[in-house]
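Asker: Need a 3D model of the sequence below.
(chains A, B and C)
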Amino acid sequence: MENIIYSLYHPTMIIGFSVGILSLLAIGFQKDDLHALILADVVECAMLVIIAGVGTDLAEALILPGLVVSLAELLAVSEVLITRKHIQSKNHDSKKFKLFEEFKLPLHTGELKYDIEMEVLKTSPKFFAIILIVYGAILSGFTGGAVIATGLLFYALSQRVLGLNISDDVKTLWEGMAGLSGVAWAFWIFGFLGFFLFPKYWLVCLLMSGLGLVIKVGSKLGLVGYIGEVK
Amino acid sequence: MKKLGKIWNYLSKPEVVPRIFSIFIALIFVFGLLMPHYLNPDQLYPKPVPHSQTLKTPLAPYDRGGVPLKVPAKLKSQYPQYEPDLGMITAYLTPVANWIKDKTYYFGTTIVSTPGGILDEILYYTRGMDTVLESSILLISFIIFSWMFFNKD
Amino acid sequence: MISSIIGQLFGIVPFGDIVFGFSEFSIIGFVVALIFTIVVYLTKPEKQLEAQKFRVEDKLEVVSLEELKIRRMMAIVCGIATAGAMLTYDLFDYALFLTLVGIANIGIVSAVKKDWVLNASYQYGLIAMIATLPLFGSAGMILAKTGTLSLFELPKIPTSLLFEKIIFAAGMAGETGIAPFYASKAEMFRAPGSPYILMIHLSSLLLIVRTVEILLTI
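Answerer: Okay, the predicted model is just below:
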């Protein structure tokens, strides 16, 4: 049986290059800084398409670093843009909105006539968050970390939509979680080195790496949901 | 001569650099559309033919052979001489994964995400340095992000 | 061909498929990057005296302690990443090192709270994001064409990689700020806090040299 990936490679490359060229030209003629940032993310999708075209297990493993690099750069560069805009508009202060605050239910802004309390609004975010976190813990590794982070993000954002306060001590929480994440990162590095220093105990190293990565990625990306709570 | 000076002046603004750079890359990429692309059949870590494992093995599509903790899977890596445990991680299944495996044919992607499996072999062991760098990049960008966020005023 | 450029190979440190090699060429780059990292760790930042337009008095720019800490850390990360990029003999790993250096460069200047510095650093960040397409895309195409990413194996394969090399060089040109794309990096050099800014410059120079070596050998 002829493997289909050999005949699919050329069309994949054409698609990857087309996406790349179109988004690059769009960056060349954009009119706004924010548009450029969003279009740069589209450019990175073209990169993922080109790597994925190879169609081996190696290519599948190489996609993950590419994806994370684009995510990390987006995180840092967007914060640079926000700080720059903040410095530019320091004098005339406008009203600032937290993330997702605009979706606040009428129930909690007082615009609704009747007092309706639905139990499901309070319980379902917890339910979904717990399912995602447990599933992420089973998966482990980078995928599991991303799933856990999704659960934490979903919980934080839905609390905000409901108009509930999360906590006043978010900065302490933030620093504690960031410290935990750093410790997990060190775990993962030790696990990686252990593979080559003590090849006999590869199973311990494997579990250590998987555990370290899941805590690191999950805690780090989950913290993004608490933006805006800090005084 | 005057025009050349104008071009240099235009290039010296930081705002135009991403535009010039992206148009430059786009022009190079146009040649990529015209070129023939082909895939070398001699690849590292090859995948089996798509859909050849579906409903035949519970680990589909990530079944690469081997018995957990006993027989390593057969992999084609770049430098097997530097990797004494090659294939052991691919063959390993956690107790949870073993339990899922006995129940259903449809959870191959969940099983490969638990510790053990071909992707963990490549990401943690044979190309582990890539993942070290990747997690460092995430760490550095998170440091930049949180520092700027907390020190805005 | 390969031996004539990198010189004698003294030894290798294998991490599975990714091999770190100590050749005459890479040891020099490694040592230079490490020496400058130590220099950056030991020195205190400069103080700039800025002349004011339409005013008599001058303005003293001081780097505060908090800012100093984060910027010194980013400069050290940048130095270590540059040193690592000198040693690695894997194409994809090298592209990741380039990206790490790029993001550390953003970190070095992003702590400065000035409009024009942040503008330059934002524009540089955009270029770094765009440059991942040529860098990783070229690595993926080389993998497809030859079936390997190791820089020791690539010279043995007699395939023409001209287009992939051009793309890789273009990505490196954006990431390190070569001639037509210099403006955003040049603005970043003007930010106060000298030894840390020096690290941006040194890392781009070393990376250019190393990329040229890689492109000539494969």
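Asker: quick one: C:L96 and A:G66 touch, right?
Answerer: No: taking contacts as CB atoms under 8 Å, C:L96 lies outside contact range of A:G66: 9.2 Å. For glycine as for every other residue, the C-beta is placed from the backbone atoms N, C-alpha and C.
Asker: between the two, who's got more neighbours?
Answerer: The neighbour count for C:L96 versus A:G66, taken as other CB atoms under 10 Å in any protein chain shown, is higher for C:L96 (31 against 28).
Asker: which non-adjacent residue is nearest B:P61?
Answerer: B:Q53 (5.2 Å; CB to CB, 6 or more residues apart in numbering or on different chains).
Asker: Torsion angles phi and psi at that neighbour?
Answerer: For B:Q53, the backbone dihedrals are phi -110, psi -10 (criterion: degrees, to the nearest 10).
Asker: Tell me who's in contact with it.
Answerer: By CB atoms under 8 Å, 6 or more residues apart in numbering or on different chains, the contact set of B:Q53 is B:L59, B:A60, B:P61, B:D63.
Asker: Mind doing that once more with 10 Å?
Answerer: Going by CB atoms under 10 Å, 6 or more residues apart in numbering or on different chains, B:Q53 touches B:K47, B:L59, B:A60, B:P61, B:Y62, B:D63, B:R64, B:Y105, B:G108.
Asker: same deal with C:S203?
Answerer: C:S203 sits next to C:33, C:36, C:75, C:78-79, C:81-83, C:85, C:98, C:101-102, C:104-105, C:108, C:176 when contact means CB under 10 Å, 6+ apart.
Asker: and with 6 Å instead?
Answerer: Contacts of C:S203 were listed using CB atoms under 6 Å, 6 or more residues apart in numbering or on different chains, and they are C:C78, C:T82, C:V101.
Asker: Same list, the residues you listed, but only the ones touching chain B.
Answerer: With the criterion set as CB under 6 Å from any CB of the partner chain, no member of the contacts of C:S203 is near chain B.
Asker: are any of the residues you listed buried, and which?
Answerer: If you count burial by 16 or more other CB atoms under 10 Å in any protein chain shown, the buried members of the contacts of C:S203 come out as C:C78, C:T82, C:V101.
Asker: what about the strand or helix carrying the second one, average pLDDT?
Answerer: By that I understand C:T82. C:T82 belongs to helix C:65-87 when elements are defined using DSSP states H and E. Averaged over helix C:65-87, pLDDT sits at 90.
Asker: buried stuff in the helix or strand just after that helix?
Answerer: Later in the chain than helix C:65-87, the nearest helix or strand by DSSP H and E is helix C:91-110. When neighbours are counted by 16+ other CB under 10 Å, the buried residues of helix C:91-110 are found to be C:91-110.
Asker: Please apply the same query to stretch C:53-67.
Answerer: C:V63, C:E67.
Asker: Quick one: residues contacting the nearest residue to C:I208 once chain neighbours are set aside.
Answerer: With sequence-adjacent residues excluded and distances taken as CB to CB, 6+ apart, C:I208 is closest to C:T176, at 5.6 Å. C:T176 makes contact with C:S204, C:L207, C:I208 under the criterion CB under 6 Å, 6+ apart.
Asker: Most neighbours among those, please name it.
Answerer: C:L207 (24 neighbours).
Asker: Please enumerate the strands of chain C.
Answerer: Taking DSSP state E to define them, one finds strands in chain C at C:9-15, C:18-23, C:48-50, C:59-61.
Asker: Number of residues surrounding A:M13?
Answerer: A count of neighbours around A:M13, defined by other CB under 10 Å, yields 24.
Asker: I meant to write B:A26 there.
Answerer: Residues lying near B:A26 (other CB under 10 Å) number 20.
Asker: A strand includes it, no?
Answerer: No: B:A26 is assigned helix when assessed by DSSP: H, G, I helix; E, B strand; the rest coil, not a strand.
Asker: now it: how far from B:I20?
Answerer: Plainly put, B:A26 is 11 Å away from B:I20 if you go by CB to CB, to the nearest Å.
Asker: Distance of B:L138 relative to A:G179?
Answerer: For B:L138, the distance to A:G179 - CB to CB - is 16 Å.
Asker: what about the two, which has more around it?
Answerer: Counted by other CB under 10 Å, B:L138 and A:G179 do not tie: B:L138 has more neighbours, with 24 against 11.
Asker: What sits closest to the more buried one if chain neighbours are left out?
Answerer: B:L138 sits nearest to A:A72 (CB to CB, 6+ apart), 4.8 Å away.
Asker: Could you do B:L55 as well?
Answerer: Distances taken as CB to CB, 6+ apart put B:Y105 closest to B:L55, at 5.5 Å, once the chain neighbours are dropped.
Asker: Centre-most residue in chain B?
Answerer: Most central residue of chain B, judged by C-alpha distance to the mean C-alpha position with CA atoms, centre = their mean, is B:L123 at 7.7 Å.
Asker: which other helices and strands contact the longest helix along chain A?
Answerer: Using DSSP state H to define each element, chain A has its longest helix at helix A:57-88. Here helix A:57-88 touches helix A:33-52, helix B:128-150, helix C:91-110, helix C:115-146, going by 3 or more CB pairs under 6 Å, 6 or more residues apart in numbering or on different chains; DSSP states H and E.
Asker: So which of these is nearest C:L198?
Answerer: For C:L198, the closest of the helices and strands packed on helix A:57-88 is helix C:91-110, at 9.9 Å, according to CB to CB.
Asker: For C:S194, state which of the contacts of C:S203 is nearest.
Answerer: Minimum distance to C:S194 across the contacts of C:S203 is 14.6 Å, recorded for C:C78 (CB to CB).
Asker: mind checking how far C:I127 is from chain A?
Answerer: In this view, C:I127 and chain A are 9 Å apart by CB to the nearest CB, to the nearest Å.
Asker: Up against chain B, what does chain C have?
Answerer: When proximity is defined by CB under 6 Å from any CB, chain C lies next to chain B at C:14-18, C:70, C:93, C:96, C:100, C:103, C:107, C:110, C:120, C:123, C:126-127, C:130, C:134, C:144-145, C:147, C:150, C:170, C:174, C:181, C:183-184, C:187.
Asker: before we move on, what about chain A?
Answerer: A:1, A:3, A:6, A:9-10, A:13, A:17, A:20-21, A:24-25, A:27-28, A:56-58, A:61, A:65, A:68-69, A:72, A:75-76, A:79, A:83, A:86, A:138-140, A:143, A:192, A:195, A:199, A:202, A:206-207, A:209-210, A:220.
Asker: Rank the helices and strands of chain A by mean pLDDT and give me the bottom one.
Answerer: Each helix and strand of chain A was given a mean pLDDT (mean pLDDT, DSSP states H and E); the minimum falls on helix A:106-109 at a mean of 58.
Asker: which of the residues in the helix or strand that it is followed by are buried?
Answerer: The helix or strand immediately downstream of helix A:106-109 is helix A:119-139, counting by DSSP H and E. By 16+ other CB under 10 Å, the buried positions in helix A:119-139 come out as A:P125, A:A129, A:L132, A:I133, A:Y135, A:G136, A:A137, A:I138, A:L139.
Asker: so where do the helices sit in chain B?
Answerer: Under DSSP H, chain B gives helices at B:2-11, B:17-34, B:88-91, B:95-103, B:108-113, B:118-120, B:128-150.
Asker: Take those and lay them out in a markdown table including distance to A:E175.
Answerer: As requested, these are arranged in a markdown table below (distance: least, CB to CB, whole Å):
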| stretch | distance to A:E175 |
| --- | --- |
| helix B:2-11 | 43 |
| helix B:17-34 | 34 |
| helix B:88-91 | 35 |
| helix B:95-103 | 33 |
| helix B:108-113 | 30 |
| helix B:118-120 | 31 |
| helix B:128-150 | 9 |
